[in-house]
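Novice: Provided below are the primary sequence and the corresponding predicted coordinates.
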Amino acid sequence: MSPAAPAPQGPDDDPAADPHGPAPGGTWPVLAAVSAGGALGTAARYAATLAWPTAPDAFPWTVFAVNVTGCALIGVLMALVAERAVPAHPLVRPFLGVGVLGGFTTFSTYAADVSKLLARQEVLTALAYAGATVAAALGAVWAATTATRAAVDRGRRAVRAR
């Protein structure tokens, strides 16, 4: 019987935390990247709500579109960076994925919107919104990831063919 591997002591010691290894400089650069990205992502979401305002008694189309778009962009990012289709600095994923796109998407507002619809007795709309958001978000991640992988593969084949 072999001895068990020592337990990780922190996020920088846990190879499962990031399959490509810890970010240089430890935790603080990662926190700074996430914070800066989050500020940009939330500002972009706020800009979307200003550009396409939703009336208080209407279907929350802007939040729906933001969440679906953000999930599609997460699919593109993960196909490019996490799967190593393109070389990237170790802070790209925390900055863009967790920060910018995590701040851009807003599943807390989505939950609040469902609650508001229920409070207005719009049960079918609330259920449709809840289900459609999850389905569209997952579909967007899948479609964007699949399309990005295909584009990367075509690009690699074209480079090899030269």
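Specialist: Everything's here; your move.
Novice: residues contacting residue 142?
Specialist: Contacts of residue 142 were listed using CB atoms under 8 Å, 6 or more residues apart in numbering, and they are residue 75. Where C-beta positions appear, they are placed from N, C-alpha and C, glycine not excepted.
Novice: Now name the helix or strand holding it.
Specialist: helix 123-161 (DSSP states H and E).
Novice: now swap in residue 40 and tell me
Specialist: Here residue 40 is assigned to helix 27-51, by DSSP H and E.
Novice: Which strands and helices lie in contact with that helix?
Specialist: Applying 3 or more CB pairs under 8 Å, 6 or more residues apart in numbering; DSSP states H and E, we find helix 27-51 packed against helix 61-77, helix 101-104.
Novice: Give me the below-cutoff pLDDT ranges for the protein.
Specialist: Applying pLDDT under 70 to the chain flags residues 1-24.
Novice: cutoff 90 now
Specialist: 1-26, 56-57, 82-88, 107, 155-162 (pLDDT under 90).
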